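>>> could you look at this predicted model? Sequence included:
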Amino acid sequence: MEVTEANLQLLAGYLQQTLSADPNVRRPAEKLLESTELQQNYPILLLNLIDKAQMDMTTRVAGAIAFKNYIKRNWAAHLDSDGPDRIHESDRNTIKTLIVTLMLHSPVALQKQLSDAVSIIGKHDFPKKWPQLIDEMVERFASGDFNVINGVLQTAHSLFKRYRYEFKSQALWEEIKFVLDRMAKPLTDLLQATMQLTKVHENNAEALKVIYGSLVLVNKVFFSLNSQDLPEFFEDNINTWMGAFIQQLAADVPSLRTGDDEDAGVLEHLRAQVCENICLYAKKYDEEFKPFMEQFVTAVWELLVKTSLQTKYDSLVSHALQFLSVVAERPHYQSIFENPEILAQICDKVVIPNLDIRPSDEEIFEDSPEEYIRRDIEGSDIDTRRRAACDLVKTLSINFEQKIFGIFGQYLEILLTKYKENPATNWRSKDTAIYLVTSWASRGGTQKHGITQTSELVPLPEFCAQQIIPELERPNINEFPVLKAAAIKYIMVFRSILGPQVLANCLPQLIRHLPAESPVVHSYAACSVEKILTMRDASNAILFGPQVLQPHATQLVSGLFATLSLPGSGENEYVMKAIMRSFSVLQSAAMPFMGVALPRLTEILTKMPSRPHFNHYLFETLALCIKIVCQADASAVSSFEEALFPVFQGFLQQDIVEFMPYVFQMLSVLLEMREGSGTIPEPYWALFPCLLSPALWDRTGNVTPLIRLISAFIKQGSAQIQALGKLSGILGIFQKMIASKANDHEGFYLLQNLLSYYPPAEIQTNLRQIFGLLFQRLSLSKTPKYLSGIIIFFSFYVIKFSGSQMAQLIDEIQPNLFGMLLDRVFITEMGKVPKEQDRKMVAVGVTKLLTETPEILQQQYATFWPRLLHSLIDLFERPPEKLKGLELGEPAGVAEDPDAGYQVAYAQLTNAQPNQQDYLAEITDARQFLATSLSKFAQARAGEFSTLLSPLEPEYKQVIQKYCDQAGVRIA
């Protein structure tokens, strides 16, 4: 693809079409761009289009987004799969030559996208493959053009912010040192110069906005560079930075004040970042920060007292409160807070005002309930005053429990008395009181169990009986919705503390609130019910089982489904999760509700809901219904197929990407339900050729469920697959899987199913080629996970067929290759196989190699016999070594690379878990199997056996003797 004017115009046309609201216009354009993106010069053409000033800005922005996504998808794709590089080397070099300059002279709308692209490239190439990047960026500090400088700082921030959360490693230290050597001094010089410019331009509002914007970015970069450890340069220049931070906290520039009550201005962003920076130093480098501590506590305190309750100050107030929390929990700073008067002032002037619900919070509660929920119970990253105030209360009550008890006790009494005087007017006081008790009493907990540790001074069950339950017992469920939500949240948060009896009394009240008009109230009610139903007692039995739930089941199930009809809750994930949990607890007792539930769930599915969590729980519920109904009546599977097949076929035909992984799991469940009931029905076979389509396998989220579905076809319909001539297509998928580091375990799983269930004659003719592919991957790119997989597979092969057959086949590929496999793979690596069932497979397979495979006794391989036995005993006697890379393929799902571009992730449905097959169910003890096999081997080859055993160390011989004694056999 040449960079010509004609190609630029053609590309611009397709980019315009990708912005169309009409899917018939948009999708073909997206597919065409996707199909051409691997051609040489495609990214260079995009960069030229982005740089073309006369081009329409919408098209240029679309081009910048397309370029960023292209980089996400392709820059590091070859590192995962060991496949060919999707970007030509010349294109890589040209991109790195052009992109920084292009980004810095582009308008802001383009600059952000290009900056993200630089960060993605930098993540993989910087510093080793792109050492000049940092020098190129630092040079621009001297340009004097703050639009350019801010572009550099934005890119530096994007590039370095991963230092905030990356695990310590030598490579990371070396990279940070490389950056600090080149960036620390120029950044400090830039800070000083920019602080100076705030005075020079103090009367120029436009210039000040840009200058203070630069200071925000300088502070962000400072935070990233200081996150891992305190760099020597910044320690030496700590006075310069802390002095600047004090000035920035005190800065009050009238021209930069915004008239907007909601959106923070540049000054708010600057002070919030300063609070974040000093919080980092107080937490991690308190010895170096100690001389500045009191000065900053005073400055932050003064800032908090004079900052109003407007939404635009939320981030600033939140970070300021976090700073005070960090200071208060450090023993050597506690003297600052010991004075009861200071504690009372903190409560009066800082804590209580920030715990109160504000008109802006009420507005979010009513107009944006999802946002309110996300902030309130999901612990989102958004900084809320309430959460920060709660954290400060928690810190103070832990460290100054007795003093705080008295102060907060007085406030609590005032707030509750005020509410009693006039509930209709003063309900906000009780809301604050509930928040105060929650944060004051909490000491620790988990997402799964809620708060599990509390202050002994706060009687939580008593408060619940006197203040919470009366709110829920009010006849009108729509009265004071904010207060109702707070009361329900109290039960949800303290569910592990309140005890089964209190919760049993609360359950009917929670169910009664499911039809509440407020989305927050009915969502909290559904969420609380769901969490209570997951609780277990000391013996791990469900606390509220079917017997407890059954009397409430009709009201619960009908209430939950009715809630899905309320405005704004058609795709309410909390409600759908509660439906799933209710059926999960009820099990067979849910059968009476299936006649209503299943048509309703199918109807919801046909509307193609768009919210990921809701969809996940919808499919979980459907899978659970299939299990419950089919356990009662196996023939009911055909009714499910009749209802769901048309819906699933519609999704597949329309290529609804986000539903694919779920559809394949559901088809697997239905097909597995049919196992042993005859032939696979025709609709499945109509679908089968589509499952082999390469496009489906390019989407990472499809891989695991597709492998499972194809394995189900192999298990139940291998003769039909043979008749259709589809083995080559399946082997093509196997080849693709084995080549991928992420999916090689899926390749082994598919191969095991082929060897177990496919007609042996045809599979045998392909075995040499299959083994060749396995050894090719072994020589090109062996990872701990792949080594584990190949050992398990060859052990399976020995058990299924024989060690002799395997040895002969391997040596046909290359003479003495079998010996190399034993020497370099089995003997050295088999102790690292992680899972218990797989270790049993390896143990039995290796035992058969030792005792039933004559080839291993041939002269060239005989020396491996004692070493192999030695490694097998280690496998039995030592725990598995934990190595990175062995965890992939767990049923919990696959972690996606956040920079891999948008990909629908695979999420395993808990209610659609595949049945784990134990190929060796008849062997309960692999040690006993070894002892018995060695005993038979010793009797058959009495003279040879003692010679083979002689190199083994005495302690290993003792272990073998112990196994023999336990099995009741003899080897001598």
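Done, it's in.

>>> care to break the chain down by domain?
1-125, 172-337 (the TED database).

>>> for the longest one, give the mean pLDDT please.
Per-residue pLDDT values across domain 172-337 average out to 90.

>>> and the first one, by the same measure?
If you average the pLDDT over domain 1-125, you get 89.

>>> now do the same end-to-end measure for it.
Here the two ends of domain 1-125 are set 25 Å apart, with distance taken as C-alpha to C-alpha, to the nearest Å.

>>> so who does I407 touch?
Applying C-beta atoms under 8 Å, 6 or more residues apart in numbering, we find I407 in contact with 340, 343-344, 347. Heads up, the C-betas are built off the backbone N, CA and C, glycines and all.

>>> if we use 6 Å, what do you get?
I407 makes contact with 343-344, 347 under the criterion C-beta atoms under 6 Å, 6 or more residues apart in numbering.

>>> how about E571?
E571 sits next to 609, 611, 614 when contact means C-beta under 6 Å, 6+ apart.

>>> can you tell me how far V437 is from P459?
Counting by C-beta to C-beta, to the nearest Å, the gap between V437 and P459 amounts to 10 Å.

>>> do the same with P127
58 Å.

>>> now V557
With C-beta to C-beta as the criterion, V557 and P459 are 35 Å apart.

>>> have a look at the two and say which one is more surrounded.
V557 (21 against 14; other C-beta atoms under 10 Å).

>>> any idea which helix is longest in the protein?
If you go by DSSP state H, the chain has its longest helix at helix 170-200.

>>> helices and strands around the next helix-or-strand element following it, which ones?
On the C-terminal side of helix 170-200, the nearest following helix or strand under DSSP states H and E is helix 205-226. If you count contacts as 3 or more C-beta pairs under 6 Å, 6 or more residues apart in numbering; DSSP states H and E, helix 205-226 packs onto helix 146-160, helix 170-200, helix 266-284.

>>> any idea of the angle the second one forms with helix 205-226?
With axes from the mean of the first three to the mean of the last three C-alpha atoms, to 10 degrees defining the directions, helix 170-200 sits at 160 degrees from helix 205-226.

>>> chain center to helix 170-200, what's the gap?
33 Å (C-alpha atoms, centre = their mean, to the nearest Å).

>>> with stretch 653-667 instead?
For stretch 653-667, the distance to the chain centre is 21 Å (C-alpha atoms, centre = their mean).

>>> same thing with stretch 851-867?
Stretch 851-867 has its C-alpha centroid displaced from the chain centroid by 47 Å (C-alpha atoms, centre = their mean).

>>> so where do the strands sit in this structure?
With DSSP state E as the criterion, the chain has strands at 442-446, 450-454.

>>> quick one on the thing from earlier: may I see the buried residues of the longest helix of the chain?
Of all the residues in helix 170-200, those buried under the rule 16 or more other C-beta atoms under 10 Å are 175-176, 179-180, 182-184, 187-188, 190-191, 194-195, 197-198.

>>> which elements pack onto that helix?
Against helix 170-200 (3+ C-beta pairs under 6 Å, 6+ apart) you get helix 132-139, helix 205-226.

>>> how about 8 Å then?
On a contact count with 3 or more C-beta pairs under 8 Å, 6 or more residues apart in numbering; DSSP states H and E, helix 170-200 meets helix 132-139, helix 146-160, helix 205-226, helix 232-236, helix 238-250.

>>> can I get those in a markdown table with distance to Q776?
Formatted as a markdown table, the helices and strands packed on helix 170-200 follow (distance: least, C-beta to C-beta, whole Å):
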| stretch | distance to Q776 |
| --- | --- |
| helix 132-139 | 36 |
| helix 146-160 | 37 |
| helix 205-226 | 42 |
| helix 232-236 | 49 |
| helix 238-250 | 55 |
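
>>> of the ones you listed, flag the one that's most buried.
Among those, helix 146-160 has the highest mean neighbour count (mean count of other C-beta atoms under 10 Å), at a mean of 22.

>>> quick one: mean pLDDT over that helix.
Averaging pLDDT along helix 146-160 gives 89.

>>> other residues contacting it?
Here helix 146-160 makes contact (C-beta under 8 Å, 6+ apart) with 100, 103-105, 111-112, 115-116, 118-119, 122-123, 126, 137-138, 140-141, 143, 179, 183, 190, 210-211, 213-214, 217-218, 220-221, 224-225.

>>> now it - C-alpha only, PDB.
Backbone C-alpha positions of helix 146-160 (Å, rounded to 0.1, in the frame of the first residue of the first chain) are rendered in PDB as follows:
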ATOM      1  CA  PHE A 146       3.900  25.200  26.600                       C
ATOM      2  CA  ASN A 147       1.600  23.400  24.200                       C
ATOM      3  CA  VAL A 148       4.600  21.300  23.200                       C
ATOM      4  CA  ILE A 149       5.900  21.000  26.800                       C
ATOM      5  CA  ASN A 150       2.400  19.800  27.900                       C
ATOM      6  CA  GLY A 151       2.300  17.300  25.100                       C
ATOM      7  CA  VAL A 152       5.700  15.900  26.300                       C
ATOM      8  CA  LEU A 153       4.500  15.900  30.000                       C
ATOM      9  CA  GLN A 154       1.300  14.100  29.000                       C
ATOM     10  CA  THR A 155       3.200  11.400  27.200                       C
ATOM     11  CA  ALA A 156       5.700  11.100  30.100                       C
ATOM     12  CA  HIS A 157       2.800  10.700  32.500                       C
ATOM     13  CA  SER A 158       1.200   8.000  30.300                       C
ATOM     14  CA  LEU A 159       4.500   6.200  29.900                       C
ATOM     15  CA  PHE A 160       5.600   6.300  33.500                       C
END
